[in-house]
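Sharing a sequence plus its predicted fold:
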Amino acid sequence: MKRLAKVVGVIGAAAALVWAMRDRFISVAASREPEPPVLRATVPTPASAPDIDAIDGIGPVFAGRLKSAGIDDVSKLAASTADTIAEAAGVSGARARTWIEQARSLG
């Protein structure tokens, strides 16, 4: 009877030890599993309008004047009036209309 009690005690102690260590065994096994892939959808960036330097006849000086007036890309140039462009860049109305036509054909 003492022998049976000793065997049951040893088996009980082993079971208690395994029960206490189960979290450690499970976490080690879980860390070996590969992580699931992360799927991310990329948001396309909107195509920005070309810079006003792309317009024939607008160099660094005229571009600087237009940018200081808030006209920094082709879409803003195309939406502006000839008088506004002529005043901002210090050019004639005919030249401003030519720039606006070019901007509208680019945009």
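Thanks, I have the structure now. This is a predicted model, so every value here is computed, not measured.

When you work out contacts or count neighbours from here on, use the C-alpha atoms and nothing else.
Will do.

Show the low-confidence segments of this structure, by residue range.
Residues of the chain meeting the criterion pLDDT under 70: 24-33, 42-49, 107.

Go again with 80.
20-50, 107 (pLDDT under 80).

and it, what are its domains?
Structural domains assigned to the chain are 1-32, 52-106, following automatic domain parsing.

and residue 41, which of these is closest to it?
Nearest of the domains of the chain to residue 41, taken as Cα to Cα: domain 1-32 at 26.8 Å.

among the domains of the chain, which is nearest residue 38?
Ranking these by proximity to residue 38 (Cα to Cα) places domain 1-32 first, at 16.9 Å.

Next, the buried residues of the closest one.
Using 16 or more other Cα atoms under 10 Å as the test for burial, domain 1-32 gives no buried residues.

In the protein, what residue spans correspond to helices?
Counting by DSSP state H, the chain has helices at residues 2-31, 60-68, 74-79, 82-89, 93-106.

Could you give the separation of the second one from the chain centroid?
Just to be clear, that refers to helix 60-68. From the chain centre to the centre of helix 60-68 is a distance of 30 Å (Cα atoms, centre = their mean, to the nearest Å).

quick one on the thing from earlier: can you add distance to residue 38 and give the helices of the chain back as TSV?
Listed next are those as TSV, based on distance: least, Cα to Cα, whole Å:
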stretch	distance to residue 38
helix 2-31	17
helix 60-68	43
helix 74-79	38
helix 82-89	50
helix 93-106	40
